[in-house]
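Engineer: Structure for this input, please:
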Amino acid sequence: MKAQQLIDTAKAMVADGKGLLAMDESLPTCNKRFAEYDIPQTVELRRAYRELLITTPSLGESISGAILFDETIRQKTKDGMLLDIERLTIVGEKKWHEWLTTFCKPFTKANIRYSDHSDLIEARSWFSEISSNNTL
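Structural biologist: As a prediction, the model looks like this:
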């Protein structure tokens, strides 16, 4: 990726004062955080912690996207709902990101689309059409 493309990517991710919610802590990292406060390190409590984050009212007004950990994508809320993502944009180098887009489709009802990093502004616009009206 060239310097200008990197700059454009960073600007698009924080456009309109938004940023990314990094909730991709590994199990050891999340468990360490819990241990500091004497919280039992269980799958259920990690799920509840992440649910607290993703169900924050008007979250979509503050973030442009979220980085998820493998465990998170398979978890359900306490009401039995899977993480409800309407659109997923995978932006990057064509080789493996295009493959990842195809790979993800069976695991979600989301409309998934690959965009080359040179099309970042258009990809963000497509993603924002719905996500700006909802939370994640």
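
Engineer: For this protein, list the residue farthest from the centre, please.
Structural biologist: Asp38 (27.8 Å; C-alpha atoms, centre = their mean).

Engineer: and that one, that's in a strand?
Structural biologist: No - assessed by DSSP: H, G, I helix; E, B strand; the rest coil, Asp38 does not belong to a strand; its assignment is coil.

Engineer: That one and Met23: what is the separation?
Structural biologist: Computed with C-beta to C-beta, to the nearest Å, the distance linking Asp38 and Met23 is 22 Å. Every residue, glycine included, has its C-beta placed from N, CA and C.

Engineer: same deal with Ala12?
Structural biologist: Taken as C-beta to C-beta, the span from Ala12 to Met23 is 20 Å.

Engineer: quick one, which of these two is more surrounded?
Structural biologist: Ala12 (20 against 15; other C-beta atoms under 10 Å).

Engineer: If we go by neighbour counts, what in the one helix or strand that one maps to is buried?
Structural biologist: Per DSSP states H and E: Ala12 is located in helix 3-13. For helix 3-13, a neighbour-count test (16 or more other C-beta atoms under 10 Å) marks 8-9, 12-13 as buried.

Engineer: can you check stretch 27-43 too?
Structural biologist: Buried, per 16+ other C-beta under 10 Å, within stretch 27-43: 30-31, 34.
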